Each structure stands twice: as C-alpha cells, then as structure tokens.
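> have a look; sequence and predicted model below, questions after that.
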2 protein chains.
Amino acid sequence: METQHAERTEHAAPPMVEFGELGDFIAFYLRITQTLSFQAFVKQAGETERNLRAGYFAVLTLIGENPGITQTALSRANGRDKSSLTPVIDELERREFLTRRRVETNRRAYALELTPAGERARRVLLKAALRHEKNLRTILGKTDSEELFRLLKLLSSALTKKLANGHPQP
Amino acid sequence: METQHAERTEHAAPPMVEFGELGDFIAFYLRITQTLSFQAFVKQAGETERNLRAGYFAVLTLIGENPGITQTALSRANGRDKSSLTPVIDELERREFLTRRRVETNRRAYALELTPAGERARRVLLKAALRHEKNLRTILGKTDSEELFRLLKLLSSALTKKLANGHPQP
DNA sequence: CAGTGATTGTGTGGTATCAAACTGTCTGGG
DNA sequence: CCCAGACAGTTTGATACCACACAATCACTG
C-alpha cells in the first residue's frame, strides 16, 4: 500500500510489500476493495449526519422499497444473518424511524414500515450513497463501471446459489 | 435473494424483494459479493482444517513473502487497522506459527517471521484459497475473471490514494 | 385433529473490526 | 544535547457480525 504522504518522515522510501500468491487472488482484492469502499462511504455519510450510521442505509432503503417486509426477508436481501438485524431494528424503532406491526395471517412475523422520520433519514443517507457511488463511477469511467457492476452481480448470484446448495438435508 | 430450496415450504413463490436505488449501486454489490466470497472461503478452509481460521491466511502469506515485516506494514498491506492485528499476532505466536524479533536499529518495531510450523499452516490454507479462487474463476470464466481482477485492483488503488489524501495535516 | 418439522424472531457467546488513548522509542531542529 | 513531534505496538471501548440455541407459531401429513 503506497500510503506515503510526502512529509519529512523516517523512511522516505515506500515500503513495497510483496503480496505473493495473495496478489493474484480475486477474493483478496474483493475484500480490500470492499473495505475501502465502505470506509469511504462512512466518511461521506459521517460528514453530513453524524448520528445516522452508514449501516442503516441498506435497511432503511429495503424497508422503504418493500413496506411490510419481514425481518427474515430483509436479512436475506441484505446478505446478513437475521440475528444481526434484531439490534438494528430495535434501535431504529426506538428512534421512531420504523414501526413493527404484527401480521394477522402469521403471528410470528413483524411487518416493517418506515415512519415519515424514517423516510427522511433514508433520503439523507441516500444522498451520501449517491455521492459515494458517483465517486466510484468517476474513478472507473462509464464503461468499466458497468462492467464491474455486471461482474459483481453475476458472481454474487452464482455464489448465492452455490452456498444455498451447500445445506441440502439428506 | 433467490435462496429458495425446492422443498415443501410455506410459500412456494420466491419472495422477490425490491431493491430500489440499492440495486444500482456498485458499492452494495461489492459488499454482498465480498460477504458471499468470504463465507465460501471459510467453508472451504473449515472443511479441511477446523483449527486454522480463514483470517490467518492473509497474515501468514504476507509474513512468509516479507520476512521481517513489521506489524504496521503488515496491517496496511492487509487493509486492517494495526490494533486489529495485535490479538492475531499474539495467537499465532502462542501457537508457534511465527516469531516476534526485536529490531536492533528500531526498538519500537517487531520483525515478524514464520516458523516451519507457520509455513506448513500457510500451505494448508493456501490450498483452500486456491480451491476457492478456482471456484470463483470457474464461475466467471477466463475473460471475466481477468476483467474483474483488473477492475478491483484499479478501484482499490484509487480508493487507497483518495482515503490517504483525506488526512492531510494543515 | 394431533404431531412432527419448518419458520420467525430473539438471546447468547464468541470473533473481528475500528477509533482513540496510551507507553515507549526514534528523529531532527534548536 | 535536549525536546517536540512522529512512529510502533498495545489496550480499551464500542459496533457489527455469525453460529447456535430457544420459544412461539405455523403447515402438512397421517
């Protein structure tokens, strides 16, 4: 990582780390890139609204787009375990960004819906997300952006199926 | 997420979640894909060596390729904070997979080196990583694999520079 | 219509991560 | 030579996440 700010620092020379096999792995760069992208988004979002966590954005958007969605369906769409969602939903309900409504036909499930405040919070985070997305697409350019998007969608879809097949009961 | 196993389940119809703006974001699919890729790798590695954590692989490889690397340089190459590394290095030292050696010319730093046991552990995890990488590249095909690799490398490099510039002291 | 197995959401325990504060060490300017 | 500031590593506090286990509810079968 060439994270060298041109200051009067101890070693002026860049470290030049050897990556070995790691440097040829798609999976490694996927992880590195995702981490950097998330950090950049947190920075974007954090600068405008310090009390809105970046992780809320996907949840608020998915509920807004799918009023009445259940927590399990939401967790699957978001790619996180359902138990991870409980404290997030708790917090968003406490802040009155969403409501949990019992479903008549299925009394196990909650139907989630955004409140007006939740809609506003979603829009604020959406703005940060759009800035972030624009940054990424500016870096890559139009053609490469669409290409990367296509490849990620393809790979995620295939991996979802592969992992689902991993748990067939005999 | 079409995580529908063809069982006699409650709702035979797929849930069909609406993603809204989220479905157009590179950053969202980057996160989803990275999560799935990591889960698939953990599964690969876990099936062979239950007592070797998947997260050790990058650390062992980077030390193996750069004998005498310091923890800070390692953390930067790995894209994680240096404080995250302390417990990992502790554990790997306790298991005698690596040695911490004080540097004569700089008594703040440790020089990290793999032991023979560490080299062996690295090779075991490397096998799992190679299987995982092969899976990904099989899914994508040769052309798309190289394309995705190129795009991720490009994006990570650009984001690294962008984030580094974010902290210039005035 | 009773029972088995699946589901929905929650709780618990453990891991991983970052940010900030802290200790010890080093560098370079005065 | 000394000291302000940078740097290496650790500690602490907080968040996020998963796997597993659990209670309540539901669906399907016999």
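Arrived safely, thanks for sending.
> do a quick rundown of the helices in chain A.
A:26-48, A:56-65, A:71-78, A:82-94, A:116-140, A:142-165 (DSSP state H).
> show me what from chain A comes close to DNA strand C.
Within chain A, the positions adjacent to DNA strand C are A:8, A:10, A:35, A:39, A:70-73, A:82-83, A:85-86, A:89, A:100, A:106, A:108-110, A:169 by C-beta under 7 Å from any atom of the strand. Just so you know, the C-beta spots here come from the backbone N, C-alpha and C atoms, and that holds for glycine as well.
> which one of the helices of chain A has the lowest average pLDDT?
For the helices of chain A, mean pLDDT drops lowest on helix A:26-48, to a mean of 88.
> so is that one next to DNA strand D?
No - using C-beta under 7 Å from any atom of the strand, helix A:26-48 stays clear of DNA strand D, with a minimum separation of 9.1 Å.
> if I look at A:S83, how far off is DNA strand D?
From A:S83 across to DNA strand D, the span is 3 Å (C-beta to the nearest atom of the strand, to the nearest Å).
> looking at chain A, what residue ends up closest to DNA strand C?
Distances between chain A and DNA strand C by C-beta to the nearest atom of the strand are smallest at A:S83, namely 2.9 Å.
> quick one, what contacts that residue?
For A:S83, no contacting residues are found, by C-beta atoms under 8 Å, 6 or more residues apart in numbering or on different chains.
> quick check: the gap between it and B:R122.
33 Å (C-beta to C-beta, to the nearest Å).
> return the residues in contact with A:R131.
Per C-beta under 8 Å, 6+ apart, neighbours of A:R131: A:Q44.
> what about it, distance to chain B?
From A:R131 across to chain B, the span is 11 Å (C-beta to the nearest C-beta, to the nearest Å).
> now swap in A:E18 and tell me
The gap separating A:E18 from chain B is 4 Å, by C-beta to the nearest C-beta.
> now do the phi/psi pair for that residue.
Main-chain torsions, A:E18, degrees, to the nearest 10: phi -90, psi 130.
> neighbours of the closest residue to A:L60 other than its chain neighbours, how many?
Using C-beta to C-beta, 6 or more residues apart in numbering or on different chains and skipping residues adjacent in sequence, the residue nearest A:L60 is A:R122, 4.0 Å away. Number of residues near A:R122 (other C-beta atoms under 10 Å in any protein chain shown) recorded here: 26.
> go on, A:K142?
9.
> phi, psi for A:G68 please.
Residue torsions, per degrees, to the nearest 10, at A:G68 are phi 90, psi 0.
> how much space between it and chain B?
12 Å.
> what parts of chain A come near DNA strand D?
Applying C-beta under 7 Å from any atom of the strand, we find that chain A lies next to DNA strand D at A:7, A:9-10, A:53, A:55, A:79-81, A:83-84, A:87-88, A:105-108.
> identify the farthest-apart pair in these.
Comparing all pairs in the residues of chain A next to DNA strand D by C-beta to C-beta, the longest separation belongs to A:E10 and A:T105, at 67.1 Å.
> returning to what we had before: if any of the residues of chain A next to DNA strand C are buried, give me the ChimeraX selection for them.
Filtering those down to the buried ones (16 or more other C-beta atoms under 10 Å in any protein chain shown) takes a single ChimeraX command:
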select /A:35,70,71,73,85,89,109,110
